[in-house]
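S.K.: A predicted structure for the sequence below; I have some questions about it.
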Amino acid sequence: MISQPLSAIPALRVPRLGFLGVGWIGRHRLQAVLASGVAKPSVVCDPSLEMITATQDLAPGIEVVASFEELLDTAPDGVLIATPSALHAEQSVAALSAGVAVFCQKPLGRYAREVSAVIEAARKSDRLLGVDLSYRHTRPMQIIRERIRDNAIGAVFAADLVFHNAYGPDKPWFYDVIQSGGGCVMDLGVHLVDLLLWVLDFPAVTSVSADLFAGGRKLGDRPAEVEDYAVATIGLRTGAVARLACSWRLHAGCDAVISATFHGTEGSLEFRNVAGSFYNFEAMLHRGTRTEIIASPPDDWGGRAAIAWADRLAAGMGFDPEAENLLPVSQVLDLIYRNTI
């Protein structure tokens, strides 16, 4: 069973939220929180007048400020950050240190050391920290995790995870390794690593090997350019091994190929997108040559992670030790990129 949302818990009060960055993702999360009623979008900051105007259409009367510092001066209970990746850790630490809870777009940091600093700031300030690892919140993925915990497919010994985006990002900063921290692995692979570790209850990682490519050229250690194709093999202390592949602009024959398959001694559980969609997913149980569909669309999951964070904030939750699990995901990314800093 999927656990009851914390919105069922009587809230202490409706939290006031700030929104830093309201491009498509930021506005979508604002709209989801607004529709849920668990929190009130109260202040917004974005350098684009077009984005501000679109946000005011969604939330008439929302206060507009010119800088992140001004946003923090309004003393919101929480802030949702949707800015370029290079800014995430610094802005998250600043907000948490000011006593403001944080919900940040992925990645929380470009390197494990940045992620560790954010977690430490959340712990020290006793403020709630969340990251928009949204695929955890799809109904098919939650059902797969529950089935694995219930030993429905026996011992998991292997996993195959894939995320191919046939388009790639449309903003220039994604292609600047300093601003982004990396290419398709940082953008898409972070979801695959998170799903692998989250589904299996964060077993220790014992080995990571990877190959990164840009335009068909193999890249070296700590590449100075972003990759558009990557494959990685991850070994776990349980003895299981996982294979990950992700890409931008691969000739995939559809908009996207997204899947996560967990192979057990008594069956396999597969999460995959439907007909190349970025939004529709199903879950299947495979036993031998037989397949049973155990979850299928529709499933309005896009803003669910933000709403769950706002639920916990409304219930008065401070630092959640579960945030510690953000670090091993980032450590795996460091190893894929062979970062040593």
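M.R.: Okay, I see it. Residues are numbered from 1 along each chain as shown.
S.K.: how does this structure divide up, domain by domain?
M.R.: 6-134+303-321, 139-300 (automatic domain parsing).
S.K.: quick one: pLDDT of residue 270?
M.R.: The model reports residue 270 with a pLDDT of 98.
S.K.: Could you pull up the contacting residues of it?
M.R.: Contacts of residue 270 were listed using CB atoms under 8 Å, 6 or more residues apart in numbering, and they are 144, 259, 260, 261, 262, 283, 284, 286. In short, each C-beta sits where N, CA and C put it, glycine included.
S.K.: Tell me what the fifth one is bridged to.
M.R.: For residue 262, the residues forming beta bridges with it (DSSP bridges) are residue 159, residue 269.
S.K.: picking that back up, among the contacts of residue 270, which one sits closest to residue 251?
M.R.: Distance to residue 251, by CB to CB, is smallest for residue 259 among these, at 17.3 Å.
S.K.: What separation do you get for that closest one and residue 41?
M.R.: 34 Å (CB to CB, to the nearest Å).
S.K.: Could I get the phi/psi values of the residue nearest the centre of the chain?
M.R.: Nearest to the geometric centre of the chain sits residue 133, at 2.1 Å (CA atoms, centre = their mean). Torsion angles at residue 133 (phi, psi; degrees, to the nearest 10) stand at phi -90, psi 80.
S.K.: and if you look at residue 294?
M.R.: According to degrees, to the nearest 10, residue 294 has phi -110, psi -10.
S.K.: By neighbour count, which bits of the particular helix or strand that has residue 55 in it are buried? Give me those.
M.R.: Using DSSP states H and E, residue 55 maps to helix 49-58. Neighbour-count burial for helix 49-58 flags 51, 52, 54, 55, 58 (criterion: 16 or more other CB atoms under 10 Å).
S.K.: same deal with stretch 177-186?
M.R.: 177, 179, 180, 181, 182, 183, 184, 185, 186.
S.K.: what does the helix or strand residue 33 falls within contact?
M.R.: Residue 33 is part of helix 24-36, with elements assigned from DSSP H and E. Defining contact as CB under 8 Å, 6+ apart, one finds that helix 24-36 is touched by 7, 17, 19-20, 22, 39, 41, 44, 46, 51, 54-55, 58-59, 80, 82, 103, 105, 132, 302-304, 306-307, 310.
S.K.: Now residue 295: phi and psi?
M.R.: phi -160, psi 140.
S.K.: Could you list everything it pairs with in the sheet?
M.R.: Residue 295 has these beta-bridge partners by DSSP bridges: residue 283.
S.K.: Read off the pLDDT value for it.
M.R.: 98.
S.K.: before we move on, the earlier item: wait, which of the buried residues of stretch 177-186 is closest to residue 220?
M.R.: Using CB to CB, residue 177 comes nearest to residue 220 of the buried residues of stretch 177-186, at 13.0 Å.
S.K.: Figure out the helix or strand that the closest residue to that closest one other than its chain neighbours lives in.
M.R.: Using CB to CB, 6 or more residues apart in numbering and skipping the chain neighbours, the partner closest in space to residue 177 is residue 226 (5.3 Å). Assessed by DSSP H and E, residue 226 sits outside every helix and strand.
S.K.: okay, residue 226: pLDDT?
M.R.: Residue 226 carries a pLDDT value of 96.
S.K.: Ok, residue 120 next?
M.R.: At residue 120, the pLDDT value in this model is 98.
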